[in-house]
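Trainee: quick one: sequence and predicted model below, then my questions.
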Amino acid sequence: MFGSFASSSRYPSDLQVWIARFSKSKTKADQLLIKTIEAFGDFAGLYTAYFEEIIVNGKFDKASTTEDRLRTRVLSVLNDYWAPVRRVAEQRMIPHYREILDEGTMEAERYLQALNLSDPGGLIYFDKAAVIRRFPYTNTPFIGVPYNITTEGAFAEGQSGSEEKFAYAKQDETLGFTEFAEKDWMAIPHELGHYVYWNQLANSDRLLEQHGEIRKGAAQVLSHSEPYQTLRSHEHKALTTTLLDWLEELYADVLGTRLGGAQFVESLQSIIERWAGNIDDLMENDGAHPVLYLRAFVREKALELNGGESPVDWPTLFQNRFGIQDELELEFEVVPVLDAATAASLDKEMLLAMLGVEPFPENLSVTGFVELPVTQVKTALLAIVSYLNEQISAVLASGIPVDIIDMSVVFDEMREQAEKEVERSQKPTYEILLQPQILEGGQQHAHNCWAHLTTHWMSTHNH
Ligand SMILES: [Zn+2]
């Protein structure tokens, strides 16, 4: 166990101490945690062995600091990878947190079982917001749920909603929050939507292609949708760009609805009540998530497609709370199309900026605005929801591959990318390994190191 990591005196390890702390427990959460600590240890063993091999073969001069810098680098990378496991472990040492996290783990377990993913499971921990993260040493995702779940008030008499799960607290004095707190596990089904999106195929190389195909399919569905028959070309472009930027989040919401049902749809009501003070908040586009107003109808549509009925009357809620009528116009930002006539009218600096060669000149806005009635946008968006629902049905029918990660394969892929970089740059291996991001994911010189794996192994997703 733990490869050469735990046994090497050069890299003293206290992983056994952490394992011993949780090994008496038989809870699902603690078993998963132990498995993850062991997997980290195995990965750390491969990682340190590779660096030691470079150090030994490097025959560095006594005066050289390279050896020390390489070892510092190993420790710093491993520390980054260890931090999230340690965070889960530390939270589980606080009895009050532990109790709630156990409850969350069982909630997650119900959804994971429905997806036939009970085996890799999911490590539930507290984070500042709902998030799902993966690391190269384990196929168990880390699912962060908001801290406000811990509030005592969450168990108190509700202000809004009838079920205990949707009870609100006026104030969480223990953490100093003044916002409404809520006991709500509905972040989990959505985060699992991201997990399925990134694990719908066993072959990670084919996966990005698959994502491209889903995107292409969605674009086709859009162009055949009713609003597109009357849109002008720049509106067509603006709307397509905007809606396709939301694709992964839409996927996660559709899958989340299938898992969480009516409760998942209802949970958006409390998000809107907490986050949206006015129409602008409701229509704010962050470029990844559907605006809150439309998100309500996305979840409603997904529920209906799967035989449910929305527990919330959204039009009435929006009318009463925000005074929204159907005639509302949405404003979308779009970069103008670079046609021959536009190109001829631009000076060189501007043209290079539009081609993406140079940054845009300061104080110059080149984005145009397209305003579209929200009813049209909604119709087009819901066409994508139906399409994604079919895509998800197909994935669920064929089964989600549980990619049992073979650490040596993952590590070999990382190492291969590092060696390719050595070849490309013609620099000594140790110089490449000392660079940030090599063997950690991310981009180097605008080409992929193991960035294609980054999205797969290290994906982090908020909300
Ligand atoms: Zn999300």
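Mentor: Okay, I see it. Residues are numbered from 1 along each chain as shown.

Trainee: CA only for contacts and neighbour counts going forward, please
Mentor: OK.

Trainee: okay, and for the stretch 201-350 of the chain, where does confidence drop off?
Mentor: In the predicted model, the stretch 201-350 of the chain carries pLDDT under 70 at residues 204-205, 326, 334-339, 342.

Trainee: how near is the closest residue to the ion within it to residue 188?
Mentor: Using C-alpha to the ion, the single residue of the stretch 201-350 of the chain nearest to the ion is residue 249, 4.9 Å away. Distance check for residue 249 against residue 188: by C-alpha to C-alpha, to the nearest Å, it reads 14 Å.

Trainee: ok, back up a step: quick one: buried residues of the helix or strand that contains the residue of the stretch 201-350 of the chain closest to the ion?
Mentor: If you go by DSSP states H and E, residue 249 is part of helix 247-275. Using 16 or more other C-alpha atoms under 10 Å as the test for burial, helix 247-275 gives 247-270, 272.

Trainee: re earlier: from what I see, the residue of the stretch 201-350 of the chain closest to the ion and residue 287 are in contact.
Mentor: No: judged on C-alpha atoms under 8 Å, residue 249 makes no contact with residue 287 at a distance of 10.3 Å.

Trainee: confirm that residue 372 sits in a strand.
Mentor: Yes: judged by DSSP: H, G, I helix; E, B strand; the rest coil, residue 372 forms part of a strand.

Trainee: and the helix holding residue 249, what does it pack against?
Mentor: On a contact count with 3 or more C-alpha pairs under 8 Å, 6 or more residues apart in numbering; DSSP states H and E, helix 247-275 meets helix 187-197, helix 292-305, helix 374-398.

Trainee: could you dump the ones you listed to JSON lines with distance to the ion and mean neighbour count?
Mentor: Below are those laid out as JSON lines (distance: least, C-alpha to the ion, whole Å; neighbours: other C-alpha atoms under 10 Å):
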{"stretch": "helix 187-197", "distance to the ion": "6", "mean neighbour count": "24"}
{"stretch": "helix 292-305", "distance to the ion": "12", "mean neighbour count": "22"}
{"stretch": "helix 374-398", "distance to the ion": "15", "mean neighbour count": "18"}
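
Trainee: after the host helix or strand of residue 54, which helix or strand is next?
Mentor: Here residue 54 sits within helix 28-58, counting by DSSP H and E. The helix or strand immediately downstream of helix 28-58 is helix 66-91, counting by DSSP H and E.

Trainee: any idea of the angle that following helix forms with helix 28-58?
Mentor: Put simply, helix 66-91 runs at 180 degrees to helix 28-58, going by axes from the mean of the first three to the mean of the last three C-alpha atoms, to 10 degrees.

Trainee: what comes up buried for helix 66-91?
Mentor: 66-67, 70-71, 73-75, 77-78, 81-82, 84-86, 88-89.

Trainee: can you give me the mean pLDDT across it?
Mentor: Taken as a whole, helix 66-91 carries a mean pLDDT of 92.

Trainee: quick check: next helix or strand after that helix?
Mentor: Note on helix 66-91: by DSSP H and E, the next helix or strand toward the C-terminus is helix 95-114.

Trainee: that older thread, tilt between the helix holding residue 249 and helix 187-197?
Mentor: 170 degrees.

Trainee: next one: helix 247-275 to chain centre, how far?
Mentor: Centroid separation for helix 247-275 versus its chain: 15 Å, with C-alpha atoms, centre = their mean, to the nearest Å.

Trainee: what parts of the stretch 201-350 of the chain come near the ion?
Mentor: residue 249 (C-alpha under 5 Å from the ion).

Trainee: all helices of the stretch 351-463 of the chain, in order?
Mentor: Along the stretch 351-463 of the chain, counting by DSSP state H, counting those that start in this stretch, helices occupy 374-398, 407-425, 429-433, 451-457.

Trainee: and those as a markdown table, adding mean pLDDT?
Mentor: Shown next, in a markdown table, are the helices of the stretch 351-463 of the chain (pLDDT from 0 to 100):
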| stretch | mean pLDDT |
| --- | --- |
| helix 374-398 | 95 |
| helix 407-425 | 85 |
| helix 429-433 | 88 |
| helix 451-457 | 35 |
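
Trainee: of all those helices, which one comes closest to residue 34?
Mentor: Distances from residue 34 to each of the helices of the stretch 351-463 of the chain were compared by C-alpha to C-alpha, and the smallest falls on helix 407-425, at 16.3 Å.

Trainee: what are the contacting residues of the closest one?
Mentor: 42-43, 46-47, 136-138, 428-429, 432-433, 438-439, 449-450 (C-alpha atoms under 8 Å, 6 or more residues apart in numbering).

Trainee: max pairwise distance over those: which two?
Mentor: Maximum pairwise distance among the contacts of helix 407-425 (C-alpha to C-alpha): 30.4 Å, between 138 and 428.

Trainee: who's more crowded, these two?
Mentor: For residue 138 and residue 428, the more surrounded residue by other C-alpha atoms under 10 Å is residue 138, and the numbers stand at 23 against 13.

Trainee: ok but the more buried one is inside a helix, no?
Mentor: No: counting by three-state DSSP, residue 138 is not part of a helix but coil.
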